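Enquirer: below is the sequence, then the predicted model.
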Amino acid sequence: MPESPADPLVLFSNGIPISPTDLDFGGLVNKEQINRLSSFSQMVNEVPSSTSKVWIPTGSRTWDIYELVLSLAEFADSSAAAMFALAAPAPTLKSGASTPMASIAPMASIAASVAPALEDVGFRFKAPLAAPVPKATLRAALAEPIFLAPGGPPIGLANLFLTLNAQLKVERQTDTTGAAFYPTPFFPTDFYSAAYARNWRPFEITPQPGDLWMPVGNGGKITGEMITVPLQRSWWSPWVFSNRGWRFSHSSGMGQLSDGGSPAGGMMPLFCTALLIARNVQTVPGRVAAIGSVSPAPFTLNENLAPPSPVVSLSANGPPEPAAMMIFGFVCTPLPKSPNPDPSLHWPG
């Protein structure tokens, strides 16, 4: 059986400015919308460094790793029915299109599981951190399988991987610069609207010596409002990473995706699941800071932890205004040991 998912990690940024325009993907009917979705998808699908406390991309992307798994995996010798049993709880295969909503991680559980990690680095919330709850029609969609199908005999794990690989290729898109990407939107698309005002949670951070945040003077703090925004990936099933019925063939030369350590090592020990979006971020100077009132300047990470070069920014408009939004952090899901083939199975060679 697959291992239980590990608690999420939060990797912070120096504040990547975003606006509703940056996040307007619409129906992808014009080149601006396509390019915006491509930029956003490429950013959130970067594989981050697992040894950092901040968001530092490694240069690899989740969709490339996923395609390698689906293309280079080999499987234990067994009957189709037995292999299907090993695949549980994989999505039931049916004919038809994929259901994008099926890939949304449980929103309330993401917010709840992230809260302790934030509190550990100094966050204090005036109300419990929560994610927007989908409407009834979306809740029904979340329960649907990723693939729709006729009902037939059980299908083997190898065929399941082939089907997932075919689905991945269908989802591939290209922006107007020629860059290929796999759409990774978010829910809800209008999280910044008045309809979700109650989901923004006021917070404050009181930086302490040696922690993530640059000192703001004795008694100083960083304040703002925050919301958790889950990502959608209709083109993948992260379940495959914890399935024990496959491994990389020896001839592939592939290593481990994750060694399951803490911190984990490997080609993709973490992947981004959700974003922490903040707005109205202000720095309140402490007694030993320079004399002045509340500053609208974004918070700054400790210089010893900050990325050596600026992370990708979606905005071309320069520093955010006081009421602008920013990507405050990336919620990341650690992979268990993967691949982790079951030694009790009969493997080729």
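Expert: That came in fine, so what should we check first? Residues are numbered from 1 along each chain as shown.

Enquirer: count of neighbours near residue 76?
Expert: Applying the criterion other CB atoms under 10 Å, we find 21 residues in the vicinity of residue 76. C-betas here are computed from N, CA, C, even on glycine.

Enquirer: my guess is it meets residue 349, correct?
Expert: No. At 11.3 Å, residue 76 and residue 349 do not qualify as touching, with contact defined as CB atoms under 8 Å.

Enquirer: for the stretch 1-150 of the chain, just list every one of the helices.
Expert: The residue ranges that make up the helices of the stretch 1-150 of the chain, judged by DSSP state H, counting those that start in this stretch, are 31-44, 62-72, 80-87, 107-120, 136-142.

Enquirer: show me what the very next helix or strand once past the last one is packed against.
Expert: Pointing back at helix 136-142 there. Using DSSP states H and E, the helix or strand that directly follows helix 136-142 along the chain is helix 157-171. Counting contacts by 3 or more CB pairs under 8 Å, 6 or more residues apart in numbering; DSSP states H and E, helix 157-171 packs against helix 62-72, strand 73-75, helix 80-87.

Enquirer: mean pLDDT lowest for which of the ones you listed?
Expert: Note on these: lowest mean pLDDT is at helix 80-87, with a mean of 47.

Enquirer: ok, residue 341 - contacts?
Expert: The neighbourhood of residue 341, defined by CB atoms under 8 Å, 6 or more residues apart in numbering, consists of 76, 244-247, 347.

Enquirer: could you look up the SS state of it?
Expert: Under the three-state scheme (DSSP: H, G, I helix; E, B strand; the rest coil), the conformation of residue 341 reads as coil.

Enquirer: now do the contacts for the closest residue to residue 16 other than its chain neighbours.
Expert: The spatial neighbour of residue 16 that comes closest, neighbours along the chain excluded (CB to CB, 6 or more residues apart in numbering), is residue 327 at 4.0 Å. Residues touching residue 327, when contacts are defined by CB under 8 Å, 6+ apart, comprise 13, 15-16, 18, 275-277.

Enquirer: tell me which of those fall in strands.
Expert: With DSSP state E as the criterion, strands contain 13, 15-16, 18, 275-277 from among the contacts of residue 327.

Enquirer: any chance of CSV for those residues, columns pLDDT and neighbour count?
Expert: CSV is the format used below for these (pLDDT from 0 to 100; neighbours: other CB atoms under 10 Å):
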residue, pLDDT, neighbour count
13, 87, 23
15, 83, 24
16, 85, 24
18, 87, 21
275, 93, 24
276, 93, 24
277, 93, 22
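
Enquirer: nearest to residue 38 among those residues?
Expert: residue 18 (15.1 Å; CB to CB).

Enquirer: burial check on residue 198, number of neighbours?
Expert: With neighbours defined by other CB under 10 Å, the count for residue 198 comes to 10.

Enquirer: correct me if wrong, but it is in a helix.
Expert: Yes. Following the definition three-state DSSP, residue 198 is counted among the residues of a helix.

Enquirer: one step back: for residue 59, state which of the contacts of residue 327 is nearest.
Expert: Closest to residue 59, out of all of the contacts of residue 327 and judged by CB to CB, is residue 13, at 17.1 Å.

Enquirer: distance check, that closest one against residue 281.
Expert: From residue 13 over to residue 281 the distance is 12 Å, taken as CB to CB, to the nearest Å.

Enquirer: next one: residue 189
Expert: Separation of residue 189 from residue 281 (CB to CB): 22 Å.

Enquirer: next one: residue 274
Expert: Taking CB to CB as the criterion, residue 274 is separated from residue 281 by 19 Å.

Enquirer: now do residue 74
Expert: 49 Å.

Enquirer: residue ranges with poor pLDDT in the stretch 151-300 of the chain?
Expert: The model of the stretch 151-300 of the chain has pLDDT under 70 over residues 151-155, 215-219, 286-300.

Enquirer: in it, which spans are strands?
Expert: With DSSP state E, counting those that start in this stretch as the definition, the stretch 151-300 of the chain shows strands at residue ranges 173-174, 180-181, 201-205, 221-230, 246-248, 270-284.

Enquirer: may I have the longest one as PDB, with CA atoms only?
Expert: In this case it means strand 270-284. Output in PDB follows, covering the C-alpha atoms of strand 270-284 (Å, rounded to 0.1, in the frame of the first residue of the first chain):
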ATOM      1  CA  LEU A 270       9.400  17.800  -3.200                       C
ATOM      2  CA  PHE A 271       6.700  19.300  -5.500                       C
ATOM      3  CA  CYS A 272       4.600  22.400  -5.000                       C
ATOM      4  CA  THR A 273       1.000  21.800  -3.900                       C
ATOM      5  CA  ALA A 274      -0.300  25.300  -3.100                       C
ATOM      6  CA  LEU A 275       0.700  28.900  -2.700                       C
ATOM      7  CA  LEU A 276       0.600  31.200   0.300                       C
ATOM      8  CA  ILE A 277      -0.600  34.500  -1.100                       C
ATOM      9  CA  ALA A 278      -0.200  37.600   1.100                       C
ATOM     10  CA  ARG A 279      -1.600  41.100   0.700                       C
ATOM     11  CA  ASN A 280      -1.300  44.400   2.700                       C
ATOM     12  CA  VAL A 281       2.100  43.300   3.900                       C
ATOM     13  CA  GLN A 282       3.700  46.000   6.100                       C
ATOM     14  CA  THR A 283       6.800  46.300   8.300                       C
ATOM     15  CA  VAL A 284       6.200  47.800  11.700                       C
END
